[in-house]
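# Test case, fold it:
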Amino acid sequence: MMSQINRYLLRNLFLATLVVTGGLSAAIWLTQSLRLVELVVEGGAGFGAFAHLAILSFPTFLPVLLPFGVLSAVLFTYSRLAQDSELVVMRAAGMGPMALARPVLILAGLATLLCFVLSVYLGPAAQRSLVAMRQTVRSDMSAALLREGTFNELSDGLTIYVRDRLPDGTLQDILIHDARTDGLTTTIAAASGTLNDADGVPRVLVFDGMQSKFTMATGRTEWLEFERYAVDLQSLRRELPVRWVEPRERPLADLWTPNADDPTDRRFAGRLRAELHNRLASPFLVLSFAVIALAALLPGEFSRRGNGRRITAAAVGALLLQAAVLGIVSLIGKVPVLAGLLYILVLAPVPLGLWYLRRETWSRQRCEPGRG
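Numbers count the residues shown, from 1 in each chain. Predicted structure coming up:
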């Protein structure tokens, strides 16, 4: 019977966690998507790039939301069970606070492992891919050619007009005016063309057209009809400066042993150290939040009129713990000795909360007839 009750509680807790975390993730994802849409539109990328960027953003914020998802699931599930008198029946069947807490501890343990995987491996890898793809979208200006029906001034002295773009990528009725070379103006008109990369060099291939070259020094104009012609667009690709890899993008090994030969790494060693300890300590917030919720709801008598004060106390306690963790993480870069305090703060609610629940169990056993 006890195993059936545990499965029943665990199933309800899992579904509640899934719903709450999914709702929070959707809200955060919508705010992130607005920034991604702006980036994609400015870079001229398609829906595939947007979808890829949106998927990559999930592992970056999920470890922050999961502790609050578990906290909300525990508070909601056990409050509903108390209002329906189910917890009263379970306690009458001999289940004390520790027995009722067992499904929560199982769920919190699994969620903590998931947070570790997200914080240590998947999150940084997704962040690296996200930044790399953003860089690609920002640097690739060739997508601007896909804007039909307008004169695209892609750089000083280079203007390209495309009347239409077919679904297969073929460009129709192309006009290219190139005055990038001093004293030489080239104009190309072609019936069709395609945009591609040749060994990493962007270029447009045009077909069935005519080229005119005007040399200012001689005042002569040369005409050339062609079946195929290639226009180099290398100057259109933005050369982005070499960027220092942010701490949240780095694998754990790079945070543990920064590059001593890199002056930027030496300068921001504090940020790297803070990110390292934050990744290792923050997953335990899932377990701490769960124990805080249990310590607030399970001891004492249950009331069918609601547990508003207990829920508020648990929520405030969790928020204060999260704020304290964020404050210490921000200070670790300047005061390394605070790293130990971070782990103590994150883990302390677990033994304290379990001791409080066990004390409640002992108190009830002493009060029962025939015991003690």
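# domain assignment for this protein?
By the assignment in automatic domain parsing, the chain contains the domains 2-139+244-367, 145-236.
# and these, which one is worst for confidence?
Sorting those by mean pLDDT places domain 145-236 lowest, at a mean of 80.
# Can you give the distance from that one to the centre of its chain?
How far domain 145-236 lies from its chain's middle: 40 Å, per C-alpha atoms, centre = their mean, to the nearest Å.
# got it, and stretch 282-290?
19 Å.
# where does the residue nearest to Asn307 when sequence neighbours are not counted sit relative to Arg309, distance-wise?
Of all residues not flanking Asn307 in the chain, Ser79 sits nearest, at 5.3 Å (C-beta to C-beta, 6 or more residues apart in numbering). Every residue, glycine included, has its C-beta placed from N, CA and C. Here Ser79 is placed at a distance of 12 Å from Arg309 (C-beta to C-beta, to the nearest Å).
# Those two: who's more crowded?
Ser79 (20 against 10; other C-beta atoms under 10 Å).
# Please identify which helix or strand holds that one.
With elements taken from DSSP states H and E, the one containing Ser79 is helix 47-83.
# Buried ones in the very next helix or strand once past that helix, by neighbour count?
Next in sequence after helix 47-83, counting helices and strands by DSSP H and E, comes helix 86-92. Judged by neighbour count (16 or more other C-beta atoms under 10 Å), helix 86-92 contains these buried residues: 86-87, 90-91.
# got the phi/psi numbers for the residue sitting furthest away from the middle of the chain?
For the chain, the residue at maximal distance from the C-alpha centroid (C-alpha atoms, centre = their mean) is Thr218, at 59.6 Å. Thr218 adopts backbone torsions of phi -100, psi -20, taken as degrees, to the nearest 10.
# can you check the one 3 residues further on too?
The main-chain torsion angles of Thr221 are listed as degrees, to the nearest 10 and equal phi -120, psi 130.
# Same check on the one 10 residues further on?
When read as degrees, to the nearest 10, the backbone of Val231 gives phi -110, psi 120.
# cool, and Val245?
Residue torsions, per degrees, to the nearest 10, at Val245 are phi -70, psi 120.
# Ok, Asp208 next?
phi 50, psi 70.
# Quick check: closest non-adjacent residue to it.
Ala191 (4.3 Å).
# Sheet-wise, list the partners of the strand or helix carrying that neighbour with their directions.
Assigned by DSSP H and E, Ala191 belongs to strand 184-198. Sheet partners assigned to strand 184-198 using DSSP bridges are listed as strand 171-178 (antiparallel), strand 201-215 (antiparallel).
# buried stuff in the longest one?
Of the residues in strand 201-215, those with enough neighbours to count as buried (16+ other C-beta under 10 Å) are 202-207, 209, 211, 213.
# which pair in those spans the largest distance?
Taking C-beta to C-beta as the measure, the buried residues of strand 201-215 span a maximum distance of 22.2 Å, between Pro202 and Lys213.
# Can you show me the helices along this protein?
Here the chain has its helices, by DSSP state H, at 2-43, 47-83, 86-92, 97-117, 123-139, 252-256, 263-267, 269-281, 284-297, 308-332, 338-347, 349-367.
# With distance to Gln172 as new columns, can those helices be given to me in a markdown table?
Shown next, in a markdown table, are the helices of the chain (distance: least, C-beta to C-beta, whole Å):
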| stretch | distance to Gln172 |
| --- | --- |
| helix 2-43 | 23 |
| helix 47-83 | 22 |
| helix 86-92 | 69 |
| helix 97-117 | 50 |
| helix 123-139 | 25 |
| helix 252-256 | 49 |
| helix 263-267 | 48 |
| helix 269-281 | 51 |
| helix 284-297 | 57 |
| helix 308-332 | 55 |
| helix 338-347 | 62 |
| helix 349-367 | 66 |
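# Tell me which of the ones you listed sits most buried.
helix 284-297 (a mean of 26; mean count of other C-beta atoms under 10 Å).
# What is that helix packed up against?
When contacts are defined as 3 or more C-beta pairs under 8 Å, 6 or more residues apart in numbering; DSSP states H and E, helix 284-297 sits against helix 47-83, helix 97-117, helix 308-332, helix 338-347, helix 349-367.
# now for the first one, which elements pack on it?
In terms of contact count using 3+ C-beta pairs under 8 Å, 6+ apart, helix 47-83 is assigned the packing partners helix 2-43, helix 86-92, helix 97-117, helix 123-139, helix 284-297, helix 308-332.
# okay, the angle between the helix holding Ser79 and helix 269-281?
Computed by axes from the mean of the first three to the mean of the last three C-alpha atoms, to 10 degrees, the angle separating helix 47-83 from helix 269-281 equals 50 degrees.
# List the beta-bridge partners for Asn152.
Ile160.
# burial measure for it, as a count.
Count around Asn152 with other C-beta under 10 Å applied: 15.
# didn't it look like it was pressed against Leu175?
No: using C-beta atoms under 8 Å, Asn152 is not in contact with Leu175; the gap is 10.4 Å.
# anything in contact with each of those two?
160-161 (C-beta atoms under 8 Å, 6 or more residues apart in numbering).
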